[in-house]
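Chemist: Here is a sequence with its predicted model. Questions after.
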Amino acid sequence: MTPKEMLAKLVSFNTESQRSNLDLIHFCRDYLALLGVESRLAPSEDGQKANLYATIGPKGDGGVVLSGHTDVVPVAGQAWTSDPWTLTERGGRLYGRGACDMKGFDAIALALVPEMLAAPLKRPIHIALSYDEEVGCRGARVMIEAMQADGMNPAAVIVGEPSMMQVVTGHKGAMRMRTTVRGHAVHSSRVDIGVPAVMVAGELIHWHNEVMAQNKAAAPDNGFEPPYSTLHVGVVQGGTAVNITAEHCTFAHEVRCVPGDSHEDYAARYRARLAEIEARMQAIAPKSGIGFEITSNTPAMGPETDGAAEALCRRLTGDNGSHVVAYGTEGGLFQRAGWSTVVCGPGDIAQAHQPDEFIAVSQLEAGAAFQRALIAELSR
């Protein structure tokens, strides 16, 4: 199969994050088996999803991981002009959900397996396909643990998120959280003896603005846009009527840290603020309080000193520019495992998650040329 044919096949699987990805994973497993390549599955706890990883070439340390995720974001509510699950070519573009983010990279890696097998590889190529990247990089954590348990120790990891084939050496991390305020309901005319959960939540939400303003004022020149760690509240739910102090209010929030900042530090500072406010609440209504949970925590990926992955990709692409991005990837997890990592893949991140998502044919070809150059490099 050509990369374009493989991409059409992968796009045909609806792997929205709320759905199972097993049909796609089983297709990949069977395809590799037909070529004589054994793969391993690392399933989710409930067995409804799975990662897949496989090695082509000699066993042992070293080599390169080609890492991609298989899940895509939902299409509900988006105005598509063609079927999102049928790859459609128009004007030099290939349209379909996941074509850019990031089944294009996955398709190239799978389509070039016969070329990998035919090459005299001196170091291995590992293909690693994960689930649930879009909802907190859940699958990669399971997959990395399984790969380590199998004794894998690659020299470099290339996360093929769309970067227009630029070598990205750093990205922000993301910690997502949920706060639930339990207030004490009274008639709003006696708000002095009630605990209004919505107003307490508003105070906590404003804390995010205050901390982000501090970050902005002290922002370094690091290439990120924006160059500081950001805090954001995206969803708020609470209250029953305007004349009742709200008994409950819940909000979902996040912090996106630049490399060097700590999610754990922000969580500790936030918990300290919660404790102050909760004490004030409970002085009025002892049963009131605040619940807090971290729903996902994906680390940033930072530039490495003399990084093997960066040196390799710069050599293969000729890109010597300095590139960092605000969005997150699984790269930070691979780097935290001790593996040199960069992001480098075909397509433009501006197309990710959009209606009529596409990857340019020229980018698919550039991605294939890069992976062929990698095959040649590892055959020397």
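Modeler: Yep, that arrived.
Chemist: Only C-alpha atoms from now on, for both contacts and neighbour counts.
Modeler: Fine.
Chemist: ok, now how distant is the spatially most central residue of the chain from residue 81?
Modeler: Taking C-alpha atoms, centre = their mean as the criterion, residue 329 is the residue nearest the geometric centre of the chain, at 3.7 Å. Distance, residue 329 to residue 81, by C-alpha to C-alpha, to the nearest Å: 29 Å.
Chemist: Under the pLDDT cut-off, which ranges of the stretch 51-200 of the chain? List them.
Modeler: Of all residues in the stretch 51-200 of the chain, none has pLDDT under 70.
Chemist: what about residue 269, how many neighbours?
Modeler: By other C-alpha atoms under 10 Å, 11 other residues sit near residue 269.
Chemist: That one: which element?
Modeler: Element membership of residue 269 [criterion: DSSP states H and E] is helix 263-282.
Chemist: From the contact counts, what lies against that helix?
Modeler: strand 289-298 (3 or more C-alpha pairs under 8 Å, 6 or more residues apart in numbering; DSSP states H and E).
Chemist: rewinding a little: can I assume the residue nearest to the centre of the chain sits in a helix?
Modeler: No. Counting by DSSP: H, G, I helix; E, B strand; the rest coil, residue 329 is not part of a helix but coil.
Chemist: what about dumping the CA coordinates of stretch 291-305 to CSV?
Modeler: Below are the C-alpha coordinates for stretch 291-305, written out as CSV (Å, rounded to 0.1, in the frame of the first residue of the first chain):
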residue,chain,number,x,y,z
GLY,A,291,-13.2,19.2,46.3
PHE,A,292,-10.3,19.2,44.0
GLU,A,293,-9.0,16.6,41.6
ILE,A,294,-6.4,16.4,38.8
THR,A,295,-7.9,14.7,35.8
SER,A,296,-4.8,14.5,33.7
ASN,A,297,-1.2,15.6,33.9
THR,A,298,1.0,15.5,30.8
PRO,A,299,4.5,16.9,31.2
ALA,A,300,6.2,19.4,28.9
MET,A,301,8.9,18.5,26.5
GLY,A,302,12.1,20.6,26.8
PRO,A,303,15.0,21.1,24.5
GLU,A,304,17.8,18.7,25.3
THR,A,305,21.5,19.4,25.5
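Chemist: what's in contact with it?
Modeler: 136-137, 169-182, 257-260, 263, 328, 330-333, 335-336, 340 (C-alpha atoms under 8 Å, 6 or more residues apart in numbering).
Chemist: So for stretch 218-238, what gets flagged as buried?
Modeler: 224, 227-231, 233, 236, 238 (16 or more other C-alpha atoms under 10 Å).
Chemist: what's the neighbour count on residue 200?
Modeler: For residue 200, the neighbour count with other C-alpha under 10 Å is 20.
Chemist: any idea how far residue 149 lies from residue 142?
Modeler: 11 Å.
Chemist: cool, residue 87 as well?
Modeler: Per C-alpha to C-alpha, residue 87 is found 30 Å from residue 142.
Chemist: Looking at those two, which is more packed in?
Modeler: Between residue 87 and residue 142, counted using other C-alpha under 10 Å, the more crowded position is residue 87 (24 against 18).
Chemist: Please report the distance of the more buried one from residue 25.
Modeler: Residue 87 is 19 Å from residue 25, by C-alpha to C-alpha.
Chemist: how does the protein divide into domains?
Modeler: Using automatic domain parsing, the domain ranges for the chain come out as 3-170+301-378, 174-298.
Chemist: deepest of these, which one?
Modeler: domain 3-170+301-378 (a mean of 20; mean count of other C-alpha atoms under 10 Å).
Chemist: Spit out the contact partners of residue 13.
Modeler: So residue 13 contacts 21, 23-24, 85 (C-alpha under 8 Å, 6+ apart).
Chemist: I'd like the residues you listed laid out as TSV, including secondary structure.
Modeler: Formatted as TSV, these follow (three-state DSSP):
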residue	secondary structure
21	coil
23	helix
24	helix
85	coil
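Chemist: between those, which is nearest residue 288?
Modeler: Here the nearest of the contacts of residue 13 to residue 288, counting by C-alpha to C-alpha, is residue 21; it sits at 41.8 Å.
Chemist: My guess is the closest one contacts residue 72. True?
Modeler: No. Residue 21 is beyond contact range of residue 72, at 9.8 Å (criterion: C-alpha atoms under 8 Å).
Chemist: tell me the two of the buried residues of stretch 218-238 that are most distant?
Modeler: So, the buried residues of stretch 218-238 by C-alpha to C-alpha: farthest apart are 224 and 238, at 34.7 Å.
Chemist: Okay, and residue 366 sits in which element?
Modeler: helix 361-378.
Chemist: That helix packs against which elements?
Modeler: Looks like helix 361-378 contacts helix 3-11, helix 103-111, helix 308-317 (3+ C-alpha pairs under 8 Å, 6+ apart).
Chemist: helices and strands around whichever helix or strand comes after the longest one, which ones?
Modeler: Under the assignment DSSP H and E, the closest C-terminal helix or strand after helix 308-317 is strand 324-325. With contacts defined as 3+ C-alpha pairs under 8 Å, 6+ apart, the secondary structure elements packing on strand 324-325 are strand 170-171.
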